[in-house]
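# sequence first, predicted coordinates after that:
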Amino acid sequence: MNILVTGGAGYIGSHTLVTLIEAGHTPIVVDSLHNSSRVSLERVAQITGVQPNFYQLDIRDKAALSEIFSQHAIDAVIHFAGLKAVGESSVKPLLYYQNNLDSTLILLEVMQAHGVKKLVFSSSATVYGSAPIPYTESSPAGQGITNPYGQTKYIIECILRDVAASDDSLEFTALRYFNPIGAHSSGLIGEDPSGIPNNLMPYIAQVAVGVRDTLGVFGDDYDTTDGTGVRDYIHVDDLAEGHVAALTHSKPGFRAINLGSGNGTSVLELVHAFERASGRAIPYTILPRRAGDLPEFYADATIASQALNWHSSRTIDDACRDTWNWQSKNPQGYN
Ligand code: NAD
Ligand code: WQD
């Protein structure tokens with residue numbers, strides 16, 4: 001299939017390009033490069049031997065996006081493009097609502113005009129807000145979301161549900177990612193945050209490689225195994241395979257499906273796993289809790305296995321090994 005991949009130069013997008021190409025699909029990438037580098041696409045070509053079609057474009061440019069749909073017979077869309085920094089979204093809420101909502105609305109209009117029916121959307125476990133754990137797809141969503149970024153994911157899901165309800169032939173899948181980590185086993189592509197990393201794994205990796213001195217651990221007084229926050233970390237290549245599975249098992253209507261491992265790992269468990277994988281010590285200090293953080297959440301991953309015949313197969317140790325391979329070969333990311 002010809003798959004339009006918005007945000008395809010980014011972290012999850014670039015890994016999904018490799019999986020799509022290896023599954024015999026033809027990706028057409030659209031990315032503004034706002035938070036990514038075209039080097040990731042060169043690396044995808046190095047891994048797969050295929051140079052993906054690439055258009056540098058903000059997908060809110062409706063005329064230019066429409067032109068791409070006219071030039072390629074698009075069968076389906078995977079929509080990764082969006083701003084994702086949780087803290088920044090509270091400082092610049094309009095930027096986040098504008099970018100994430102407008103880009104999705106324009107994409108849906110262009111898909112409709114060109115008769116493209118299949119969409120896979122990057123949603124997030126953040127839509128569960130304060131729901132009880134483990135999160136299942138029937139857990140209440142949209143309550144207790146603590147930041148505008150998370151709200152955009154929830155609102156987009158509502159939009160997709162309404163649009164799908166208006167036309168029986170549409171096939172929309174929202175994949176609710178838990179915490180993506182890891183890198184392609186080649187070490188050629190990986191996560192390359194700009195500035196100080198917001199997320200745990202890239203921070204650990206930068207401490208291990210010597211770019212940063214010490215990890216700050218946000219709280220050790222939660223009611224968890226060792227007092228630190230617990231999350232469901234999922235290898236980015238498992239996530240990438242989940243997208244191909246979502247296309248393969250696409251069906252009419254709107255569906256939201258968890259992509260997680262079903263297991264919780266604490267901050268300190270991840271730190272120690274990374275120390276084993278890298279052979280480096282990760283110095284850390286305990287800091288106060290970070291505002292908005294939940295103590296613990298993880299997925300119930302049953303629906304993904306039933307509806308998509310997908311489950312995560314890579315371990316935390318695999319993810320630490322692959323992240324270290326990427327970070328040690330690319331200490332400054334793609335620069
Ligand atoms: P990323 O920032 O690496 O990739 C997103 C890409 O979208 C970037 O390359 C950026 O340049 C591009 N982009 C943003 N706005 C655009 C626009 N208007 N037009 C064209 N391109 C645009 O992020 P990622 O980690 O790969 O995440 C991909 C998607 O998954 C995002 O929607 C994110 O919200 C979602 N998600 C990520 C995580 C995570 O922890 N990484 C978790 C859950 C959901
Ligand atoms: C994980 C754990 C922190 C950094 C965020 C978004 C979520 C999703 C994924 C997009 C927590 C602790 C972290 C650090 C730490 N993104 N931590 N020191 O907060 O679960 O989820 O990214 O949809 O929406 O909210 O991920 O990696 O930031 O934190 O101790 O320097 O690591 O407190 O317990 P989070 P994270």
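Alright, I've got the coordinates. Numbering: from 1, shown residues only. Ligands and ions are numbered 1, 2, ... in the order given.
# quick one: stretch 157-175 near ligand 2?
No. Judged by C-beta under 6 Å from any ligand atom, stretch 157-175 stays clear of ligand 2, getting no closer than 11.1 Å. C-beta: built from backbone N, CA, C; applies to glycine.
# mind saving the C-alpha coords of that stretch as CSV?
Only the C-alpha atoms of stretch 157-175 are listed here, as CSV (Å, rounded to 0.1, in the frame of the first residue of the first chain):
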residue,chain,number,x,y,z
GLU,A,157,-10.0,11.1,19.3
CYS,A,158,-13.5,12.7,19.8
ILE,A,159,-13.2,14.3,16.3
LEU,A,160,-12.2,11.0,14.7
ARG,A,161,-15.1,9.2,16.4
ASP,A,162,-17.6,11.7,15.2
VAL,A,163,-16.2,11.8,11.6
ALA,A,164,-16.2,8.0,11.4
ALA,A,165,-19.8,7.8,12.7
SER,A,166,-20.8,10.1,9.8
ASP,A,167,-19.6,7.7,7.0
ASP,A,168,-19.7,3.9,7.3
SER,A,169,-16.8,3.4,4.9
LEU,A,170,-14.2,5.2,7.1
GLU,A,171,-11.7,3.0,9.0
PHE,A,172,-10.0,5.1,11.8
THR,A,173,-7.8,3.6,14.5
ALA,A,174,-6.4,5.6,17.4
LEU,A,175,-3.4,3.8,18.9
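# how far does that stretch sit from its chain's centre?
20 Å (C-alpha atoms, centre = their mean, to the nearest Å).
# stretch 233-245 now?
What separates the centre of stretch 233-245 from the centre of its chain is 9 Å, taken as C-alpha atoms, centre = their mean.
# just the mean pLDDT for that stretch, thanks.
Averaging the model's pLDDT scores along stretch 233-245 yields 98.
# pull the residues that contact that stretch.
Stretch 233-245 has contacts (C-beta atoms under 8 Å, 6 or more residues apart in numbering) with 11-12, 15-16, 18-20, 23, 25, 78, 120, 175, 177-185, 191, 201, 259-261, 265, 270, 304, 308-310, 312-316, 318-319, 322.
# which residues of this structure fall in helices?
11-22, 39-48, 62-71, 86-91, 93-97, 103-113, 148-165, 200-209, 236-248, 267-278, 302-308, 316-329 (DSSP state H).
# in TSV: these, plus distance to residue 228 and mean neighbour count.
Output for the helices of the chain, formatted as TSV (distance: least, C-beta to C-beta, whole Å; neighbours: other C-beta atoms under 10 Å):
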stretch	distance to residue 228	mean neighbour count
helix 11-22	24	25
helix 39-48	31	20
helix 62-71	43	15
helix 86-91	18	16
helix 93-97	28	15
helix 103-113	35	19
helix 148-165	22	19
helix 200-209	10	23
helix 236-248	22	23
helix 267-278	4	19
helix 302-308	27	17
helix 316-329	14	21
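# these two touch, right, residue 255 and residue 308?
No. Judged on C-beta atoms under 8 Å, residue 255 makes no contact with residue 308 at a distance of 9.5 Å.
# which neighbours do those two share?
Common neighbours of residue 255 and residue 308 (C-beta under 8 Å, 6+ apart) do not exist.
# from ligand 2, how far off is the closest residue to residue 298 other than its chain neighbours?
Setting aside the residues directly before and after it, residue 298 is nearest to residue 232 in space (C-beta to C-beta, 6 or more residues apart in numbering), at 3.7 Å. Here the criterion is C-beta to the nearest ligand atom, to the nearest Å. By it, residue 232 lies 9 Å from ligand 2.
# my read: residue 232 touches residue 300, true?
No. When contacts are counted by C-beta under 8 Å, residue 232 is not listed as touching residue 300 (9.9 Å).
# residue 330 and residue 11, how far apart?
13 Å (C-beta to C-beta, to the nearest Å).
# what do these two both touch?
Counting by C-beta under 8 Å, 6+ apart, the common neighbours of residue 330 and residue 11 are 190, 192.
# quick check on residue 49: phi, psi?
Torsion angles at residue 49 (phi, psi; degrees, to the nearest 10) stand at phi 80, psi 10.
# one more: residue 332?
Residue torsions, per degrees, to the nearest 10, at residue 332 are phi -100, psi 30.
# ok, and the closest non-adjacent residue to it?
Nearest to residue 332 is residue 211, by C-beta to C-beta, 6+ apart, at 7.6 Å.
# for ligand 2, what's its nearest residue on the stretch 101-250 of the chain.
residue 229 (2.2 Å; C-beta to the nearest ligand atom).
# quick one: that residue from residue 293, how far?
Residue 229 is 6 Å from residue 293, by C-beta to C-beta.
# those two: who's more crowded?
It is residue 229, of residue 229 and residue 293, that has more neighbours when counted by other C-beta atoms under 10 Å, with 24 against 13.
# pretty sure that one sits against residue 267.
Yes. In this structure residue 229 lies within contact range of residue 267 using C-beta under 8 Å: 5.4 Å.
# gap between the residue nearest to residue 298 and residue 316?
10 Å.
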